[in-house]
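A.B. asks: Give me a 3D structure for the following:
(2 chains)
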Amino acid sequence: MKIIVGQGSCGIASGAKKTESKFKQHIEGNHLNADVTIAGCIGSCYLEPIADVIDDNGVHTRYVHLTSDKVERVVREHLLGGKPVEEYLIPESGRLFLEKQTRIALKNCGAINPENINDYIAAGGYQALKKALFEMDGDQICREIEKSGLRGRGGGGFPTGKKWVQVKSQKEPVKYIVCNGDEGDPGAFMDRSVMEGDPHKMLEGMIIAGIATGAQTGYIYVRAEYPLAVHRLQVAIAQAEEAGYLGENILGSSFNFSIRINLGAGAFVCGEGSALTASIEGNRGMPRVKPPRTVEQGLFGKPTVLNNVETFAHVSYIILNGAEGYRKIGIEKSPGTKAFALTGNVNNTGLIEVPMGTTLRTVIFEIGGGVRNGKSFKAVQIGGPSGGCLTEKHLDMSLDFDSLTKAGAMIGSGGLVVMDEDTCMVGIAKFFMNFTEHESCGKCVPCREGTHVMNEILDDIVNGRGSIDQIDMLLDLADTITNTALCGLGKTAASPVVSTIREFKSEYEAHVIDKYCPTGSCQGLKRIVIDAAQCKGCSKCQTVCPVNAISGERKKPYLINLATCIKCKRCIDSCPFKAIVEN
Amino acid sequence: MNLQDTGSQCACGCQSGFDFTELDLFIEKVKDMPGNLIVILQQAQNIFGYLPREVIAYISKKTGNTQAKIYGVATFYTQFRLQPIGKNLIMLCQGTACHVSGSQEIESVICNELHIADGDTTEDGLFTLNNVACLGCCSLAPVMMIQNASGEETYGNLTKEKVLDILNQIREKEAKEA
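C.D. replies: Next up is the predicted model:
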């Protein structure tokens, strides 16, 4: 008997560690012969903590929301009594969530113990490395990756094979493989999940990239905000070294490869290639002018392959199944699968992986189970602060690199934040602009000053100080920043604003002309008024108002001066007749 | 961690009041590694809790980087702090998913309860509040991570009540230990 408790960051935050120790305690207490082990995140984060029971006949039972207080019953009825506890089983929607997916990068996440290399090997791990090392040469590997049509999963969608070929062709003998694990996009966590749930798959991809291009050193740049991922990577590297998959003379061949981990220190811009390498070099993470590009002069001035975690996690599949096998999944221009982080106002939140070309409708309504609390779908923000929003009319559009770019959004790293009717789109644009202004490194003027001014204008708009010409000014500034900024962060900084203006112009107009927020979520546009019919003129509100905004005569309805009111709502609490309302 | 707290003396005799023994060992270990400055600063922050002026001066002397360069790096990244922080560092996620799930309200609850703003430390030195970009637990939004001497813990699906509960629990625990 085996019990697997899912322990990604999400599982642990929901109490998986307590569930695990409760299992251990009861199993010991009952002298049961059962192993309790851990796995990464299966992706259905909304069902955490999740535990799988595999009995001696290999029958698999999955329990969800299994907090520690429920463990005792599972042990008593299932482990001892042989009868699964129906009440705690995974619901139909949860099974569909998983069945509708096609998993390559996330295949082992949630299935194997990420801290045990033998689990990975048993699942077919490091077979691709053996094949690449003993049956293929660098050119063949590069060609296979090129033919597979794999495109970078970090956002840009640059063909991975092309990158590898370019690095391989450089004369400089010292080359580097860098894995970008600086997943800074708010709302994306697929890289975290791979690093936490299946770190060896990513290492294998990096080692193969080393064989293909002739590099001997790899760097993994991970966010310091992901302590668990860092820990699991450290364990994985140590185990791979021990087993001879990393280090000198890998598997008895003449190939040497080592990997080290660098912790990011919290800067979104470090997801950009040249900023990331500057950060590994110990400098301020600021992008530089290109060319020379990273493939020519990257880390320490040497040719560098820079791919993100998810991209490396696709490599072993391609090597094992061949380019042809890989191209069977997805669509012509964007083959393979893509992981998306499905969050926001949607029923089933979590991490999913679907073939490229799947429609947004399938993702949100079939896999995601629709919008939360029975509300209606308004928009989905894709690609984080560099992406744009898609609406109802885009629901049947295919999710792939080119269709999304055409629609004015981008796949980015794959964050999908679903928004319901109550979300203010101007507020969302302001949120992203605030983020980008804060994260701008300050090197180039268009981004540094432009994002600041755009953020100020948006601040005016959400606080009722906006005017109609400011909408055009936003578009004007957006155009300038997009065309003149130095790096990808700046070039895409205005996208959320442009796309929300395009799709929801009337909402902007309501904010600037009527000084009214249609969803009622902009605090600055809320008005507090006294209902004259209800007001008895008791003067209580006048006494509590800290800014003397309320005036009137006793026994007659009072009035709030909206210009002075600071919307502290003290008057609302003070009114015995509930005559004061916010609208 | 200054001289009054620990009574320890700087090993190099610089009279700064900081004990650099641990940092020295680390610098020795990574001295040949290219681009080691950020790694050294991260370790220094682990040891001292923040990056005091004296420590930056010391790292400058040891590594040959100018203080200007070190300040440049330290102020560029949000991870580095030039001021000491409270015993419990609250990292409140302000990512997109948390934003649409109400992280701003959670922030105002914390601010009101602790009487601090983002980046501040409470007078009793128990809490520091830092708004951070995505913690990567978007499906549990709104989320916060609290880091203290015993490690870090992530709390998800926050509500006003839950946050107050968590803060009170920490206060009680600290009071008991004191």
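
A.B. asks: Whatever residue of the stretch 101-250 of chain A ends up closest to chain B and A:Ile580, how far apart?
C.D. replies: Residue nearest to chain B within the stretch 101-250 of chain A (C-beta to the nearest C-beta): A:Pro186, separated by 3.3 Å. (Glycine included, C-beta is placed from N, CA and C.) For A:Pro186, the distance to A:Ile580 (C-beta to C-beta, to the nearest Å) stands at 37 Å.

A.B. asks: Over to A:His65?
C.D. replies: For A:His65 relative to A:Ile580 (C-beta to C-beta), the value is 41 Å.

A.B. asks: ditto for A:Ile572
C.D. replies: Counting by C-beta to C-beta, the gap from A:Ile572 to A:Ile580 is 5 Å.

A.B. asks: Mutual contacts of the two, please.
C.D. replies: A:Ile528 (C-beta atoms under 8 Å, 6 or more residues apart in numbering or on different chains).

A.B. asks: Counting neighbours, go ahead and name the busier of these two.
C.D. replies: Neighbour tally, A:Ile572 and A:Ile580, criterion other C-beta atoms under 10 Å in any protein chain shown: the higher count belongs to A:Ile580, 23 against 17.

A.B. asks: Just grab the bridge partners of the more buried one for me.
C.D. replies: A:Ile530 (DSSP bridges).

A.B. asks: burial of the residue of the stretch 101-250 of chain A closest to chain B, as a residue count?
C.D. replies: 30.

A.B. asks: ok, it touching B:Ser103?
C.D. replies: No - applying C-beta atoms under 8 Å as the test, A:Pro186 and B:Ser103 come out as separate, 10.4 Å apart.

A.B. asks: Touching both of these two, which residues are there?
C.D. replies: Residues touching both A:Pro186 and B:Ser103 (C-beta under 8 Å, 6+ apart) are B:94-95.

A.B. asks: tell me which parts of the stretch 101-250 of chain A are close to chain B?
C.D. replies: A:183-189, A:192, A:223-227 (C-beta under 8 Å from any C-beta of the partner chain).

A.B. asks: quick one: which of those residues sit in strands?
C.D. replies: A:Arg223 (DSSP state E).

A.B. asks: Tell me how far stretch B:100-113 lies from the chain's centre.
C.D. replies: Its chain's average C-alpha position is 20 Å from that of stretch B:100-113, according to C-alpha atoms, centre = their mean, to the nearest Å.

A.B. asks: can you tell me if that stretch touches chain A.
C.D. replies: Yes - Stretch B:100-113 comes into contact with chain A (C-beta under 8 Å from any C-beta), by way of B:100-101.

A.B. asks: Please name the residues that touch the residue lying closest to A:Leu106 once chain neighbours are set aside.
C.D. replies: The shortest distance from A:Leu106 to any non-neighbouring residue, by C-beta to C-beta, 6 or more residues apart in numbering or on different chains, is to A:Glu353 (4.8 Å). Taking C-beta under 8 Å, 6+ apart, we find A:Glu353 in contact with A:43, A:101-106, A:190, A:337-340.

A.B. asks: May I have the distance across stretch A:207-222, first residue to last?
C.D. replies: 17 Å (C-alpha to C-alpha, to the nearest Å).

A.B. asks: Give the buried residues for it.
C.D. replies: A:207-222 (16 or more other C-beta atoms under 10 Å in any protein chain shown).

A.B. asks: Out of those, flag the one nearest to A:Gln7.
C.D. replies: Nearest to A:Gln7 among those, counting by C-beta to C-beta, is A:Val222 at 18.0 Å.

A.B. asks: Quick check: bridge partners of that closest one?
C.D. replies: Here A:Val222, judged by DSSP bridges, has bridge partners A:Gly181, A:Leu263.

A.B. asks: What residues does it make contact with?
C.D. replies: So A:Val222 contacts A:181-182, A:195, A:229-230, A:233, A:261-264 (C-beta under 8 Å, 6+ apart).

A.B. asks: repeat for A:Ala341
C.D. replies: A:187-190, A:350-351, A:414-416, B:138-139.

A.B. asks: PyMOL command to pick out the buried ones of these?
C.D. replies: Selection of the buried residues among the contacts of A:Ala341 in PyMOL, burial being defined by 16+ other C-beta under 10 Å:
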select buried, (chain A and resi 187+188+189+190+350+351+414+415+416) or (chain B and resi 138+139)
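
A.B. asks: A:Phe255 contacts A:Ala212, doesn't it?
C.D. replies: No - applying C-beta under 8 Å, one finds A:Phe255 not in contact with A:Ala212, separated by 11.0 Å.

A.B. asks: buried sites along stretch A:501-514?
C.D. replies: For stretch A:501-514, by 16+ other C-beta under 10 Å, it's A:501, A:503-504, A:507-508, A:510-512.

A.B. asks: Three-state assignment for the closest residue to A:Lys505 other than its chain neighbours, please.
C.D. replies: Closest residue to A:Lys505 apart from its sequence neighbours, by C-beta to C-beta, 6+ apart: A:Ile471 at 7.4 Å. Using DSSP: H, G, I helix; E, B strand; the rest coil, the three-state assignment for A:Ile471 comes out as helix.

A.B. asks: who's in contact with A:Ile4?
C.D. replies: A:37-39, A:51-52, A:54, A:113.
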